[in-house]
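S.K.: any chance you could fold what I've pasted below:
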Amino acid sequence: MSYNYAVLDNYDTVIKRINAACLKAGRDPEEIKILAVTKSARTQDILTLLSNRDIFAAGESRLQDALEKWGRPPLNAFAAKKFFIGQLQSNKIRKIAENFDIIASLCDGGHAARIDAAAAELGKKAQCLAQLKLTDRQTQSGLPLSEAEGFIRSIRADFKNINLLGLMAIAPETTEAAVLRPLFKEVKKFFDLNFGSGAYLSLGMSGDFEIAVEEGSNLPRIGGAIFN
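M.R.: Now for the predicted structure:
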């Protein structure tokens with residue numbers, strides 16, 4: 001399979017933009033990891049990236065597509081962490097718990113119970129992020145910030161087979177800093193109150209990751225800016 005070197009150029013450009021955002025905010029670029037959103041990318045382009053760059057994590061949102069993509073050669077040879085970033089469906093939770101390193105879209109108590117039970121059956125701790133919704137889109141899942149503290153408290157108290165590693169937040173579909181920056185600041189403040197060192201704050205996507213990094217994100221989710 002031949003490499004698509006444009007993907008590497010795109011990735012390197014993203015790294016330069018993250019470094020510039022860190023410089024502006026007085027942050028260490030080593031604090032930032034990229035969650036490469038591979039859900040719509042071609043296998044050839046994913047292989048190009050994994051073969052030529054040190055990729056921390058890949059994000060997928062559709063279980064069956066992810067299993068077909070990552071469950072066989074050539075991608076199954078790579079060690080990038082697999083994040084499930086899509087909406088959870090009850091009948092697919094066990095397979096997701098079995099095949100993903102981190103479930104990043106936990107925002108429902110019923111789903112938490114199923115994840116906890118699946119993790120117990122599998123003899124593992126399910127690593128999860130609580131998903132926040134910073135938009136009023138009805139089709140988008142996630143917790144409003146006002147409900148997140150109670151949800152996190154209940155997960156920690158009630159489900160011994162779930163380990164909360166941080167937050168994933170879904171922002172409004174805009175690139176306007178005047179809209180995004182105060183939201184990101186609010187999430188960062190909440191994150192600092194509820195999570196310690198080493199936790200993940202996944203804010204920012206291809207259109208707004210620089211603002212997110214400036215405001216404290218350490219795990220931006222970037223797909224289009226890499227895979228075009």
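
S.K.: quick one: the helices in this structure, in order.
M.R.: 5-25, 43-52, 63-70, 93-99, 109-122, 145-158, 177-194, 209-214, 224-227 (DSSP state H).

S.K.: would you mind finding the most buried of those?
M.R.: helix 209-214 (a mean of 24; mean count of other CB atoms under 10 Å). Glycine gets a C-beta too; all of them are placed from N, C-alpha and C.

S.K.: which residues does that one contact?
M.R.: 14, 17-18, 20-22, 24-25, 27, 32, 171, 177, 180-181, 184, 203-204, 217, 220, 222, 225 (CB atoms under 8 Å, 6 or more residues apart in numbering).

S.K.: now with 6 Å, please.
M.R.: Applying CB atoms under 6 Å, 6 or more residues apart in numbering, the contact partners of helix 209-214 are 17-18, 21, 24-25, 177, 180-181, 184, 203-204, 220, 222.

S.K.: just stretch 45-64 next, same as before
M.R.: With CB under 6 Å, 6+ apart, stretch 45-64 has contacts from 3-4, 7-8, 11, 33, 35-39, 66, 74, 78, 80-83, 85-86, 92, 95-96, 221, 227.

S.K.: if we use 7 Å, what do you get?
M.R.: The contact list for stretch 45-64 (CB atoms under 7 Å, 6 or more residues apart in numbering) reads 1, 3-4, 7-8, 11, 33-39, 66, 74-75, 78, 80-86, 92, 95-96, 221, 226-227.

S.K.: same check, this time on stretch 66-84
M.R.: 1, 35, 43, 46-47, 50, 55-60, 96, 99-105.

S.K.: now list the buried members of the residues you listed.
M.R.: When the contacts of stretch 66-84 are checked for burial by 16 or more other CB atoms under 10 Å, the buried set is 35, 46-47, 50, 55, 57-60, 96, 100, 102-105.

S.K.: re the thing from before, Gly166 is nearest to which of the helices of the chain?
M.R.: Closest approach to Gly166 among the helices of the chain (CB to CB): helix 177-194, 7.1 Å.

S.K.: tell me how far the closest one is from the chain's mean position?
M.R.: Helix 177-194 sits 17 Å away from the centroid of its parent chain (CA atoms, centre = their mean, to the nearest Å).

S.K.: ok, Ile93 - contacts?
M.R.: His111, Arg114, Ile115, Ala118.

S.K.: what's the closest of the residues you listed to Gly196?
M.R.: Ile115 (21.9 Å).

S.K.: that closest one and Glu68, how far apart?
M.R.: 23 Å (CB to CB, to the nearest Å).

S.K.: can you check Gln138 too?
M.R.: From Gln138 to Glu68 the distance is 30 Å (CB to CB).

S.K.: just Ile102 next, same as before
M.R.: 20 Å.

S.K.: wait, Leu35 touches Leu219, no?
M.R.: Yes: assessed by CB atoms under 7 Å, Leu35 is found in contact with Leu219 at 5.3 Å.

S.K.: quick one: common contacting residues for these two?
M.R.: Looking at what touches both Leu35 and Leu219 (by CB under 7 Å, 6+ apart), the common residues are Ser202.

S.K.: picking that back up, reformat the helices of the chain as JSON lines; add mean pLDDT and distance to Leu165.
M.R.: Formatted as JSON lines, the helices of the chain follow (pLDDT from 0 to 100; distance: least, CB to CB, whole Å):
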{"stretch": "helix 5-25", "mean pLDDT": "98", "distance to Leu165": "21"}
{"stretch": "helix 43-52", "mean pLDDT": "96", "distance to Leu165": "22"}
{"stretch": "helix 63-70", "mean pLDDT": "97", "distance to Leu165": "19"}
{"stretch": "helix 93-99", "mean pLDDT": "98", "distance to Leu165": "14"}
{"stretch": "helix 109-122", "mean pLDDT": "98", "distance to Leu165": "13"}
{"stretch": "helix 145-158", "mean pLDDT": "98", "distance to Leu165": "11"}
{"stretch": "helix 177-194", "mean pLDDT": "97", "distance to Leu165": "12"}
{"stretch": "helix 209-214", "mean pLDDT": "98", "distance to Leu165": "18"}
{"stretch": "helix 224-227", "mean pLDDT": "98", "distance to Leu165": "23"}
